[in-house]
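Novice: please find the sequence and the predicted model below.
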Amino acid sequence: MAAPTHVQNAQNSSTSASSTLGITFASDTTTGNLIVVIIRWFNGTTTVDSVTDSQGNTYVSTSVGKQYNSSAQHSQQIFYAKNITGGTTPTVTVTFSGSTERRAVSIFEVQDADTTAPEEVTTSGNGTSASHVGGNLTPAGAAILFAVDMQEWGYGSVTVPTSWTDYTTSTIWYIHKIGYREVSTGGTYDTTFTGANVAYYTQGVAFKEAAGGSVETGAGASAGVATATAVGASTFTGAGVATASATAAGVGASTASADGASDGAATVGGVGSGILTGAGS
């Protein structure tokens, strides 16, 4: 399976008090993909009531949930929708429990993520240091990682972890920083941001690759059954671990053969000559 990768993103922010904020993708989204929504807002009493979109997809919070930095007086939370119904430039809308100012929403579309349970591991941290330590993300295989950092207001910019892509948000949100990283193998990935030596909160999540599958051709694991019908000469061979059967019927010469570990059966019928081969133990 392919590793999960970033497709597109968009961002919107506002300093006017309201209980909602919407953001629209610039391009169409694809059915089966993942949408990640990163939300930041002013104050700690307000919560996110819902995240919806114009395609009717269902959004849930990561297991980290809401973080509130009392020094920064801001909150942050990550939501996502799995196995989405795609559509024409859909709009994502965040509804808060009450009116709040300084709201920002960043949305990301991701392809090739697991469609059943994409959230694999999370991490979070807080403290007072220039190294904003959020812990490690440890996906078992290919994944896309997201991390967001929130430091105390008025102390300058923040740098994303090494080898991460910096997603720069609106200038009114310089105390927040988002990074993402696409990884092709499992491992331990550090989510430490670098900022001012002040109070910070950070959190991260790894969304795993789509589950793989297998397709059997030829021999069957438990049974192989096939029928061949032709006008003229026809030949069929079937094999199965437990039981294999083959039937050939035709006008003219026909050949059928079957081999099975426990039982093999072959039947041939036709006008003209018929050759039957069957083997089983």
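Specialist: Here it is on my side, so go on.
Novice: which parts of the top strand by length along the chain are buried?
Specialist: Criterion DSSP state E: the longest strand present in the chain is strand 193-208. Residues of strand 193-208 classed as buried by neighbour count (16 or more other Cβ atoms under 10 Å): 193-196, 198-208. For every residue, glycine as well, the C-beta is placed using N, CA and C.
Novice: just how off-centre is that strand within its chain?
Specialist: Strand 193-208 sits 21 Å away from the centroid of its parent chain (Cα atoms, centre = their mean, to the nearest Å).
Novice: helices or strands next to that strand in the packing?
Specialist: Using 3 or more Cβ pairs under 8 Å, 6 or more residues apart in numbering; DSSP states H and E as the contact test, the elements touching strand 193-208 are strand 67-69, strand 74-81, strand 119-132, strand 136-137, strand 143-151, strand 176-183.
Novice: worst average pLDDT in those?
Specialist: Note on the helices and strands packed on strand 193-208: lowest mean pLDDT is at strand 67-69, with a mean of 90.
Novice: for the stretch 1-150 of the chain, which segments count as strands?
Specialist: In the stretch 1-150 of the chain, the segments counted as strands under DSSP state E, counting those that start in this stretch are 5-14, 18-24, 34-42, 48-53, 60-61, 67-69, 74-81, 91-100, 103-111, 119-132, 136-137, 143-151.
Novice: for these, which one ends up most surrounded?
Specialist: Among the strands of the stretch 1-150 of the chain, ranked by average contacts under mean count of other Cβ atoms under 10 Å, first place goes to strand 143-151 (a mean of 28).
Novice: Phe207 contacts Tyr80, correct?
Specialist: Yes: Phe207 is in contact with Tyr80 according to Cβ atoms under 8 Å; the separation is 7.2 Å.
Novice: okay, and the common contacts of the two?
Specialist: The contact sets of Phe207 and Tyr80 overlap at 34, 36, 118-119 (Cβ atoms under 8 Å, 6 or more residues apart in numbering).
Novice: list the contacts for the residue nearest the centre of the chain?
Specialist: Closest to where the C-alpha atoms of the chain average out (Cα atoms, centre = their mean) is Ala113, at 2.4 Å. Residues in contact with Ala113, defined by Cβ under 8 Å, 6+ apart, are 4, 33-34, 82, 144, 207-210.
Novice: could you list the low-pLDDT ranges of the stretch 101-250 of the chain?
Specialist: Per-residue confidence for the stretch 101-250 of the chain (pLDDT under 70) gives these ranges: 168-175, 213-250.
Novice: repeat that for 90
Specialist: Residue ranges of the stretch 101-250 of the chain with pLDDT under 90: 101-102, 151-158, 167-176, 211-250.
Novice: Ala147: what's it in contact with?
Specialist: Listed by Cβ under 8 Å, 6+ apart, the contact partners of Ala147 are 134, 137, 160-161, 164, 178-180, 191, 193, 202-205.
Novice: how about Val110, nearest residue that isn't a chain neighbour?
Specialist: Among residues not flanking Val110 along the chain, Leu34 sits closest, at 4.2 Å (Cβ to Cβ, 6 or more residues apart in numbering).
Novice: same thing with Ser124?
Specialist: Leaving aside its chain neighbours, Ser124 sits nearest to Gln203 (4.1 Å; criterion: Cβ to Cβ, 6+ apart).
Novice: give me the distance between the one you found and Gly44.
Specialist: Distance, Gln203 to Gly44, using Cβ to Cβ, to the nearest Å: 15 Å.
Novice: ends of stretch 45-59, how far apart?
Specialist: Using Cα to Cα, to the nearest Å, one end of stretch 45-59 lies 21 Å from the other.
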